[in-house]
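Engineer: Got a sequence here, can you build the structure:
(one chain, ligands or ions: 1)
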Amino acid sequence: MKKWFAVIGDPIAHSKSPNMHNMWFEAMNIDATYIPIHVKPEQLEQSITSLKTLGASGWNITIPHKQAIIPFLDELDELAEKMGAVNTVVRLPDGKLKGYNTDGPGFVHSLEEKVGKDHKAKKVLLIGAGGAARGIAFALQQFGYNDLTITNRTTQKAEAIISEIGSGQAVSLQEAEQHLNQYGIIIQCTSAGLAQSEFSLPLSLDKLQEGAIVADIVYNPLMTPFLVEAQKNKAIVVNGLGMFVHQGAIAFHHWLGQYPDTNGMTKKLTAELE
Ligand code: ATR
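Structural biologist: Numbering: from 1, shown residues only. Next up is the predicted model:
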């Protein structure tokens, strides 16, 4: 029987997930389909009942439901539980719903696809302390990147994540800027990166270490003002598209037990965005 999957969110029209998963199904000869469903916050509970009744094998959850969905799930993966946010639901063979979070692991897979796995001992600077930064911070710890500093406009929020993780340190944006040359990996996780002007840089990159790895989680545009600036300073840049592709690939693996082609998909989507 044909399997089906979905992504629920509000708004949802912009989502690139249906296109990506349907391309993977086709390339891998999997008899399945993936559809976007517009679900407003007040419709969340009803939508889960419908997804179950109509036999969805699994689905992704995007803004604004990643936390609100948790009470409707039967089980949570350890990382999703720590993060208090779910972006992937799997319907288990017994009908129970299990929640995962593949956003943070997706970031780490993307980073490692680009630069390899030999950078775990480097000092990592995470800029931002919202939901996206939190997920990445937990995933970095899980994957063995243990020397973590978080900086944020509101420093208390960075401190809160560090105390939840139980290691690392929080510093102000000014301190991070002054000591930027210490960091071998810098990850831009604020929404400041979305605006297309040099004034939107969350911090100055003047003191960047030569050869530092600089990543952004924003993928549209592929080269954010932050990455453009980093490249001028001779950094190895990692754009946000890989994180999107890998969060989808890990979800795909949870659903179907096999990994889709992330490299080819990243190239295909890059060509669409350029
Ligand atoms: P997300 O879920 O995408 O992480 P969020 O939870 O709204 O979004 O978090 C946005 C992040 O961007 C926060 O770290 C925020 O800083 P504050 O915690 O101080 O609000 C950061 N941010 C947004 N606009 C910014 C700006 N103009 N300069 C610096 N940081 C900014």
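
Engineer: residues contacting Ile12?
Structural biologist: Shown in contact with Ile12 (Cβ atoms under 8 Å, 6 or more residues apart in numbering): Pro36, Ile37, His38, Val39, Thr62. Just so you know, the C-beta spots here come from the backbone N, C-alpha and C atoms, and that holds for glycine as well.

Engineer: which secondary structure element contains it?
Structural biologist: Ile12 belongs to no helix or strand when assigned by DSSP states H and E.

Engineer: where in this structure is pLDDT low?
Structural biologist: Scanning the chain for pLDDT under 70 picks out the ranges 193-199.

Engineer: How about this protein: which residue is closest to the ligand?
Structural biologist: At 2.0 Å from the ligand, Gly130 is the closest residue in the chain, using Cβ to the nearest ligand atom.

Engineer: one step back: the contacts of Ile12, buried ones only, as a PyMOL selection?
Structural biologist: In PyMOL, this line selects whichever of the contacts of Ile12 come out buried by 16 or more other Cβ atoms under 10 Å:
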select buried, resi 36+37+39+62
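
Engineer: Give me the subset of the contacts of Ile12 lying in strands.
Structural biologist: Residues of these located in strands (DSSP state E): Pro36, Ile37, His38.

Engineer: all strands of this structure, in order?
Structural biologist: 3-9, 32-38, 58-61, 75-76, 88-91, 97-100, 124-127, 148-151, 169-171, 185-188, 213-216, 236-238.

Engineer: Can you redo the ones you listed as a markdown table, where the extra columns are distance to Val245?
Structural biologist: Listed next are the strands of the chain as a markdown table, based on distance: least, Cβ to Cβ, whole Å:
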| stretch | distance to Val245 |
| --- | --- |
| strand 3-9 | 14 |
| strand 32-38 | 14 |
| strand 58-61 | 13 |
| strand 75-76 | 24 |
| strand 88-91 | 14 |
| strand 97-100 | 17 |
| strand 124-127 | 21 |
| strand 148-151 | 24 |
| strand 169-171 | 30 |
| strand 185-188 | 17 |
| strand 213-216 | 14 |
| strand 236-238 | 12 |
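
Engineer: Tabulate the ones you listed (CSV), appending distance to the ligand.
Structural biologist: What follows is the strands of the chain, written out as CSV (distance: least, Cβ to the nearest ligand atom, whole Å):
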stretch, distance to the ligand
strand 3-9, 13
strand 32-38, 20
strand 58-61, 13
strand 75-76, 19
strand 88-91, 17
strand 97-100, 17
strand 124-127, 8
strand 148-151, 9
strand 169-171, 12
strand 185-188, 10
strand 213-216, 12
strand 236-238, 17
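
Engineer: coming back round to it: thought Pro202 was touching the residue of the chain closest to the ligand, still the case?
Structural biologist: No - using Cβ atoms under 8 Å as the test, Gly130 is too far from Pro202 to be in contact (11.7 Å).

Engineer: overlap in contacts of the two?
Structural biologist: By Cβ under 8 Å, 6+ apart, Gly130 and Pro202 have these common neighbours: Thr190.

Engineer: More neighbours: those two, which one.
Structural biologist: Neighbour totals were compared for Gly130 and Pro202, and Pro202 leads with 19 against 14 (other Cβ atoms under 10 Å).

Engineer: just checking, that one touches Ile186?
Structural biologist: No - taking Cβ under 8 Å as the definition, Pro202 is not a contact partner of Ile186, at 10.4 Å.

Engineer: list residues touching both of these two?
Structural biologist: With Cβ under 8 Å, 6+ apart, Pro202 and Ile186 have common neighbours Ile127.

Engineer: Name the residues of the stretch 101-250 of the chain found near the ligand, please.
Structural biologist: For the stretch 101-250 of the chain, the residues in contact with the ligand (Cβ under 6 Å from any ligand atom) are 128-133, 152-154, 157, 190-192, 202.

Engineer: Show me which of these are buried.
Structural biologist: Neighbour counting by 16+ other Cβ under 10 Å classes Gly128, Ala129, Gly131, Ala132, Ala133, Asn152, Lys157, Thr190, Ala192, Pro202 among these as buried.
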